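Trainee: give me a model of this one.
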Amino acid sequence: MSMKNMMATIWRPMRGVTIRSIGEGRYLLQFFHSLDVQRVMTRSLWFFNNHPLIFISCAKVSTHNGCH
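Mentor: Numbering: from 1, shown residues only. Okay, the predicted model is just below:
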């Protein structure tokens, strides 16, 4: 199962999540409800295939490069 499908299945966000690759092993996650963001960011450390997922919250997102 891909990282995108696995994490969306585990998190089960109320209003959904969009996960897209922005290159170099980085992904942009867009949650559509603030409670989903809070739950994912505070619940636990997250790993996929023994690699830690590191979250950075952004206020402004570029369509090509992720956070600014």
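Trainee: how deep is Trp46 tucked in, by neighbour count?
Mentor: 15 (other C-beta atoms under 10 Å). Any C-beta I mention is one placed from the backbone N, CA and C, and that applies to glycine too.
Trainee: that one is in contact with Met7, isn't it?
Mentor: Yes: counting by C-beta atoms under 8 Å, Trp46 touches Met7, with 7.5 Å between them.
Trainee: now for those two: what residues contact both?
Mentor: Listed as contacting both Trp46 and Met7 by C-beta atoms under 8 Å, 6 or more residues apart in numbering are Leu53.
Trainee: what's around His33, how many residues?
Mentor: Neighbours of His33 using other C-beta under 10 Å come to 13.
Trainee: any idea of the pLDDT on it?
Mentor: pLDDT recorded at His33 is 92.
Trainee: who's in contact with it?
Mentor: Counting by C-beta under 8 Å, 6+ apart, His33 makes contact with Pro13, Met14, Arg15.
Trainee: for Trp46, list each beta-bridge partner.
Mentor: Leu53 (DSSP bridges).
Trainee: so which of the contacts of His33 belong to helices?
Mentor: Using DSSP state H, no member of these sits in helices.
Trainee: which of those count as buried?
Mentor: Neighbour-count burial (16 or more other C-beta atoms under 10 Å) is assigned, among the contacts of His33, to Pro13.
Trainee: kindly reformat the contacts of His33 as JSON lines containing distance to Ile22 and pLDDT.
Mentor: Below are the contacts of His33 laid out as JSON lines (distance: C-beta to C-beta, whole Å; pLDDT from 0 to 100):
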{"residue": "Pro13", "distance to Ile22": "19", "pLDDT": "92"}
{"residue": "Met14", "distance to Ile22": "24", "pLDDT": "92"}
{"residue": "Arg15", "distance to Ile22": "22", "pLDDT": "92"}
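Trainee: and which of the contacts of His33 is nearest to Asn50?
Mentor: Closest approach to Asn50 among the contacts of His33 (C-beta to C-beta): Pro13, at 23.8 Å.
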